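*Asks:* got a predicted model here, sequence first, then my questions.
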Amino acid sequence: MSAPRKLHIKSYGCQMNVYDAQRMVDTLAHEGFVETASVDDADLVILNTCHIREKASEKVYSELGRLRVAKDEAARHDRRMDVVVAGCVAQAEGAEIIRRAPVVDVVVGPQSYHNLPQLLARAKRDGRALDTEFPIEDKFAALPQPKPAAIRARGVSAFVTVQEGCDKFCTFCVVPYTRGTEVSRPVARIVEDVKRLTDNGVREITLIGQNVNAYHGEGPDGQPWPLGKLLHHLAAIPGIARLRYSTSHPRDVDDTLIEAHRDLPALMPFVHLPVQSGSDRILAAMNRKHTAAEYRRVIDRFRAVRPDIAFSSDFIVGFPGETEQDFAATLALVAQIGYAGAYSFKYSARPGTPAADMQEMVATATMDERLARLQELIDSQQHAFNQAAIGTTVDVLFERAARNPGQIVGRTAYLQPAHVMAPDDIIGQVLPVTLSSLERYSLLGTLATSPATIHAPATAPALTGA
């Protein structure tokens, strides 16, 4: 029996890319590949790329330069190393990658990675292979299922894609061009995936999509189901302790989703709800299709049914034409809402998007200064949120052994890491923990004998309207 071939995969960007990377591993496991942490002994290297952030393609070409050296070294030892560029950069710049980077054997877009075995065979036969089409068939139906051992090795939490693509066409975003328009998976197939995961020890499921709360997959009754109805259905599956979802758009928060947060104990009270800016003028230029006031009212609706709910968000500073007044509106929105955490970025033009043609660019020094001010406010809110947990008893889902001997680490409902001294047989359990201190972003505590208590987040002031 021949030795298994080794696969090294490096994934950039969003949770969807993490999920896609796992599915590529599952697909190639059926072709005899096993994962390796080292590029040097890999027979196949996959760069699973993201096109959202600044200089995404430049980073890919820089990595390919390093891979050329590794590939040449493998050839000197009579070993073939195939290099694949996958994901959104591949989708956006596939032909250019083939032209500029001879080291690359296969370029495959995010909707076509289920074709990897055939593409590798084609590259071996013809020299190179490119597939960046948006296939009509359901990619997920074509993917082989992960082996039980692979599921168990990945731990007690798992992602499940329920929706891909986006129809919003924000002027700064490449997703509609690299992932396509919105497509939702049927409820039955999602249920199959979730049951397979829970049968193999997964306790927490995060439903993911570029615009996950636009989900409208076909239900068992033949009708399109919204995300809230899907969550109710999944919560009844034995073995599920926690449900989450990401990433949401404020325009697609419907009543069924609010009701799910009201009615489902398994649905965690932590929502990632990007707003990008607090200025209505900039939101209009971004084509976000909501105002700051409408965003605040969405927050109000969540808090009305779950007083303990917390939020994270995304912000772009320095969008073309952003004035100091516009930026002040963003700071005001952050101060009013209060976040448990957020991601903030300087605007960077993505080729092919409408914003890339806008002329009123903000100076780099101004963007740097605004980003620092925004991040300081966000960091202070996150610290206050974490600090407020000290002295409380909260439920923690334990995931793995920590670096410190004897410690087990899990996560709170708000994804805060929590460490306790305990035997490793608590992994996979949800247990109450009394939190005693905070070290950077991690909470320390002890297993409690009394149940967890619900407390409203410290950084979540009640809004009185917009």
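*Replies:* Done, it's in.

*Asks:* what helix or strand is residue 84 on?
*Replies:* Per DSSP states H and E: residue 84 is located in strand 82-87.

*Asks:* list the strands paired with that strand, with their directions.
*Replies:* Applying DSSP bridges, strand 82-87 is found paired with strand 44-49 (parallel), strand 106-108 (parallel).

*Asks:* tell me which of these sits nearest to residue 355.
*Replies:* strand 44-49 (20.7 Å; CB to CB). In this view, the C-beta of every residue, glycine as well, is placed from N, C-alpha and C.

*Asks:* run through this protein and note the low-pLDDT ranges.
*Replies:* 1-2, 52-56, 135-139, 450-466 (pLDDT under 70).

*Asks:* swap the cut-off to 80 and go again
*Replies:* 1-3, 13-16, 51-58, 133-144, 449-466 (pLDDT under 80).

*Asks:* okay, buried residues for the longest helix seen in it please.
*Replies:* Scanning the chain for the helix with the most residues, using DSSP state H, yields helix 364-388. Across helix 364-388, burial judged by 16 or more other CB atoms under 10 Å covers 366-367, 370-371, 373-374, 377-378, 381-382, 385-386, 388.

*Asks:* now tabulate these in TSV and tack on distance to residue 29.
*Replies:* As requested, those are arranged in TSV below (distance: CB to CB, whole Å):
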residue	distance to residue 29
366	49
367	44
370	46
371	41
373	47
374	43
377	45
378	40
381	42
382	38
385	40
386	39
388	44
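
*Asks:* stretch 246-256: how far from the chain's middle?
*Replies:* Chain-centre distance of stretch 246-256: 16 Å, with CA atoms, centre = their mean, to the nearest Å.

*Asks:* equivalent analysis for stretch 266-276, please.
*Replies:* 12 Å.

*Asks:* start at 784 instead
*Replies:* All right, first residue 784 from here; so that's stretch 1049-1059.

*Asks:* between its first and last residues, how far does it reach?
*Replies:* 29 Å (CA to CA, to the nearest Å).

*Asks:* next one: stretch 1128-1141
*Replies:* End to end - CA to CA - stretch 1128-1141 spans 18 Å.

*Asks:* what does that stretch contact?
*Replies:* Here stretch 1128-1141 makes contact (CB atoms under 8 Å, 6 or more residues apart in numbering) with 834-838, 875, 954-957, 960, 1068-1070, 1097-1105, 1145, 1147, 1150-1151, 1154.

*Asks:* pull out the buried residues from it.
*Replies:* Taking 16+ other CB under 10 Å as the criterion, stretch 1128-1141 shows 1128-1131, 1133, 1136, 1138, 1141 as buried.

*Asks:* okay, and which of those map to strands?
*Replies:* Counted as lying in strands by DSSP state E, out of the buried residues of stretch 1128-1141, are 1128-1129.

*Asks:* check contacts around residue 962.
*Replies:* Applying CB under 8 Å, 6+ apart, the residues near residue 962 are 871, 874, 893-894, 947-949, 993.

*Asks:* oh, I was asking about residue 1060
*Replies:* Applying CB under 8 Å, 6+ apart, the residues near residue 1060 are 1066, 1069, 1071, 1075, 1098-1099, 1102, 1105, 1109, 1112-1113.

*Asks:* what is the neighbour count of the closest residue to residue 1044 other than its chain neighbours?
*Replies:* Of all residues not flanking residue 1044 in the chain, residue 1089 sits nearest, at 5.0 Å (CB to CB, 6 or more residues apart in numbering). As a burial measure, residue 1089 scores 19 neighbours (other CB atoms under 10 Å).

*Asks:* and residue 1034, what does it touch?
*Replies:* 951, 1072-1073.

*Asks:* just the buried residues of those residues.
*Replies:* 951, 1073.

*Asks:* which strands or helices does the helix or strand just after the strand holding residue 867 pack on?
*Replies:* For strand 865-870, the following helix or strand on the C-terminal side (DSSP H and E) is helix 871-883. For helix 871-883, the packing partners by 3 or more CB pairs under 8 Å, 6 or more residues apart in numbering; DSSP states H and E come out as strand 827-832, helix 839-859, strand 889-891, strand 912-914, helix 958-961.

*Asks:* after the third one, which helix or strand is next?
*Replies:* Tracing the chain past strand 889-891, the next element assigned as helix or strand by DSSP H and E is helix 899-909.

*Asks:* go through that next one and flag the buried ones.
*Replies:* 899, 902-903, 905-906.

*Asks:* same thing with stretch 1203-1218?
*Replies:* So for stretch 1203-1218, counting by 16+ other CB under 10 Å, buried means 1203, 1205, 1210-1211, 1213-1218.

*Asks:* show me where the stretch 884-1033 of the chain has its helices.
*Replies:* Using DSSP state H, counting those that start in this stretch, the helices of the stretch 884-1033 of the chain run over residues 899-909, 922-925, 931-936, 958-961, 970-982, 1010-1018.

*Asks:* follow-up on the earlier one: and which of the buried residues of helix 1147-1171 is nearest to residue 801?
*Replies:* The shortest approach to residue 801 among the buried residues of helix 1147-1171 belongs to residue 1165, at 22.2 Å (CB to CB).

*Asks:* tally of neighbours for the nearest residue to residue 950 once chain neighbours are set aside?
*Replies:* Leaving out its chain neighbours, the residue that sits closest to residue 950 by CB to CB, 6+ apart is residue 965, at 4.9 Å. By other CB under 10 Å, 19 other residues sit near residue 965.

*Asks:* in which helix or strand would I find residue 1119?
*Replies:* Residue 1119 belongs to helix 1107-1120, assigned by DSSP H and E.
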